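Novice: Need a 3D model of the following:
(chains A and B)
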Amino acid sequence: MALLTSAPRGTQDVLPADSYKWQYVEKVASEEAKIFGYRELRTPTFEHTELFHRAVGDTTDVVQKEMYTFKDKGDRSITLKPEGTAGAVRSLVENGLLNDTLPVKVFYITPCFRYEKPQAGRLREFHQFGVEAFGSANPVIDAETIQVAHSILTRLGIRNLSLEINSIGCPTCRAKYHQALYDYFAQRKDQLCDTCKGRLQKNPMRILDCKNETCKEIAAAAPKVLDYICDDCRAHFEGVKKALDAAGIAYAVNPTIVRGLDYYTRTVFEFLSNDIGSQSAVCAGGRYDGLVEEMGGKPLPALGFGMGLERLILVMERNGCEFEQPAPCDIYIGSMGEKASSEAFRLVSRLRRDFGIYAECDLMGRSVKAQMKYANKIGARFSAILGENELEQQKLVVKNMASGESRELDMGEGFLEKLADHMAYEQLYNACEDVEKLFHSQQ
RNA sequence: GUGGGUAUGGCGUAGUUGGUUAACGCGUCAGUUUGUGGCACUGAAGACCGUGGGUUCGAAUCCCACUAUCCACCCCA
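Specialist: Numbers count the residues shown, from 1 in each chain, chains lettered A, B, ... in the order given. Sure, this is the predicted structure:
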C-alpha cells in the first residue's frame, strides 16, 4: 500500500487517542483566562506580510528565514502567522477596540507557522494559547499576566517549571545597554565562537546565553542590563517583582533572557521545563509598550504571553499529569433480526435526542456475542440486547457492564424515562461502592 | 541552515560470517454448539522489510543517493 502522500514535514495529526488532551488543555486555559477578565479574540490565520515585518522586526530570524510567505492570486504578499501578538494588535486597532474602557484583555488559541527544522517540541505548524492586555503601564498587570500563565499551568498539574524574568528596558535605555555590550564584546571578538561573532552585530545579548565555555567566561564579566536601564524602567521592574512576591509566585531574575521578537520592552519572562529537551520554553512573553502605536494606534502600553500547546502537552505527558477523559458510552443496545435492529436504532435515536444520552447500536450486522464484545470495547456503562422475545413481551434486560448485574424493564409507557432513571441510579450506586472500597482500602 | 542516530504488517519489536514460505507481542476479525462482554484457547487477515540505484548466483541484512523521523546546534512557543 503506497501512500499517496504524507503529512507535510513538521506537521502533526492529532488523533482521537490524543485529541481529548487538547480539548482539556484548551478548556482549562480558556476558563482560567476568563476568570481573569479575558475574552476570546479570533483573527485570521494569515495576514499581510508587512504586519510581521513591522511588528516582529525585519532583522529577526523569525521574519528573515522562518516565515511562510507567498503571493496570493491578487499578487498580495501574504504570510501565515508566525506568532499571535501582531495579528491581535492589528485587529484591536483596526476595529477600534482600544478606544473602549481600559484595560482591554483578550486571549486566543491559534495555529502558528515557522519554517524551521523540526525537532523535539519544535514543529513547523504549532499552536499557541496567548493572552494580551492593553492600556496599563502599572507593574501589577505584569504580575497579573504572569499569574494567568501560572494559574493555567498549576491547574493542569504542572509543578516543576521555573519562572525566569528580566527587564530589557525601554528603547532608550536598551540602546545604551546594547552599545555597552557591543563595546565590551567587540574588544574580545577574537575569542568568541563563530556563532557569537555573528550575534555581536545582530543581537549582542544572545552572547550572554552562549553555551561555549570561552564565551561563558567572557560573558561573566560583561555589563549587566539592570545597571543600564533608566530609573523609570528600574522602578517598574522593582514593582513587578514586588507584585509577584505579593502574589506568592516564585521566580528567578535571569539577566540573560532576551526575546527574539523586536517589539518587547521592559518586562520579559519565560516558564521553562527540563523535561522536554532543548526546546524548553513552554510559555514566554513580556511587555510591548510601543507596538500599538507602531501599528497605527494611539500610544498604549501593553503586554502578553504565548504558550506552546504541543510543548505544554509534552510536559504534561512527561510528568504523568492527568487529562480529563472523554465520557464513555452510556448504553449499547444490541439487536438480532431485522425488526429488532430497526427498533434498537429507534431507541438509541430517542435516547440521544430526548435525553442527551450517549447511545450506540449495532451497525456491523454482528452476532450477539460480538456485539457484547464491542459494547465492552467501547467501555459502554450499560448494554441491552433486543430480539424477538423482547419485542413480543415488551421487556428489555439492561445490564450494568461494571457489576454484571441485570435488571428487566417494562418497555411500555414511560420506558425511556425509566431507563434513564435506572441508569442514573445505577451509576450513583457504582460510585458509592467505589468510594466505599476506597475507604476500606485506606484503613 | 549545520551535525549525529534511526527507518521491518495498524502499533511495539526480533531478525549479522548476505541463502528456501520474514518471526513475536499487542491490536483487528472469526470461532470455542444453539441469544450476551471482560479471562483462556483455536484459527484468519495483514509487510513487495522508507524510496531509488548499485555490489552479488542470491540482500531486510553490504555500498551510494534521496526522503522521512528522532536528537543536538541555531532559533523559539
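
Novice: how about the residues of the stretch 51-200 of chain A near RNA strand B?
Specialist: Contact residues, the stretch 51-200 of chain A versus RNA strand B (Cβ under 7 Å from any atom of the strand): A:60-62, A:66, A:83, A:114, A:116-123, A:126, A:128, A:195, A:199. The C-beta positions use only the backbone N, C-alpha and C, and glycine is treated the same way.

Novice: Go ahead and list the helix or strand containing the residue in chain A that RNA strand B sits nearest to.
Specialist: Closest contact between chain A and RNA strand B, by Cβ to the nearest atom of the strand, is at A:G260 (1.3 Å). Assigned by DSSP states H and E, A:G260 falls within no helix or strand.

Novice: Please name the residues that touch it.
Specialist: Residues in contact with A:G260, defined by Cβ atoms under 8 Å, 6 or more residues apart in numbering, are A:T60, A:D61, A:V62.

Novice: Compare the residues you listed and tell me which has the most neighbours.
Specialist: A:T60 (21 neighbours; other Cβ atoms under 10 Å).

Novice: my read: it touches A:Y263, true?
Specialist: No - the pair A:T60 / A:Y263 is not scored as a contact, 9.8 Å apart, by Cβ atoms under 8 Å.

Novice: residues near the residue nearest to A:S406 when sequence neighbours are not counted, how many?
Specialist: Once flanking residues are discounted, A:S406 sits nearest to A:K399: 4.6 Å by Cβ to Cβ, 6 or more residues apart in numbering. Using other Cβ under 10 Å, A:K399 has 20 other residues around it.

Novice: Which strands or helices does the helix or strand hosting A:K399 pack on?
Specialist: If you go by DSSP H and E, A:K399 is part of strand A:395-400. Applying 3 or more Cβ pairs under 8 Å, 6 or more residues apart in numbering; DSSP states H and E, one finds that strand A:395-400 makes contact with strand A:382-386, helix A:388-393, strand A:406-410, helix A:415-441.

Novice: Mind listing what's buried along that strand?
Specialist: The neighbour-count check on strand A:395-400 (16 or more other Cβ atoms under 10 Å) flags A:L396, A:V398, A:K399, A:N400 as buried.

Novice: Tell me the strands beside that strand, with direction?
Specialist: strand A:382-386 (antiparallel), strand A:406-410 (antiparallel) (DSSP bridges).

Novice: mean confidence score for stretch A:231-242?
Specialist: Stretch A:231-242 carries an average pLDDT of 96.

Novice: same deal with stretch A:361-381?
Specialist: Per-residue scores along stretch A:361-381 average to 95.

Novice: Just the endpoints, please. Distance across it?
Specialist: 14 Å (Cα to Cα, to the nearest Å).

Novice: ok, residues contacting that stretch?
Specialist: A:328-336, A:341, A:344-345, A:347-348, A:360, A:383, A:385, A:387, A:400-402, A:423, A:427.

Novice: quick one: low-confidence parts of chain A?
Specialist: Residues of chain A meeting the criterion pLDDT under 70: A:1-3, A:442-443.

Novice: Following the record's annotation, map out the domains of it.
Specialist: What the record gives for chain A is the domain set A:16-170+A:229-319, A:331-436, from automatic domain parsing.

Novice: how about the strands of the stretch 1-150 of chain A, start to end?
Specialist: Chain-ordered strands for the stretch 1-150 of chain A, with DSSP state E, counting those that start in this stretch as the definition, fall at A:39-40, A:46-48, A:68-71, A:77-80, A:104-113, A:125-134.

Novice: closest to A:G10 out of those?
Specialist: Nearest to A:G10 among the strands of the stretch 1-150 of chain A is strand A:125-134 (6.7 Å), distances taken as Cβ to Cβ.

Novice: so what strands line up beside the closest one?
Specialist: strand A:104-113 (antiparallel), strand A:302-308 (antiparallel).
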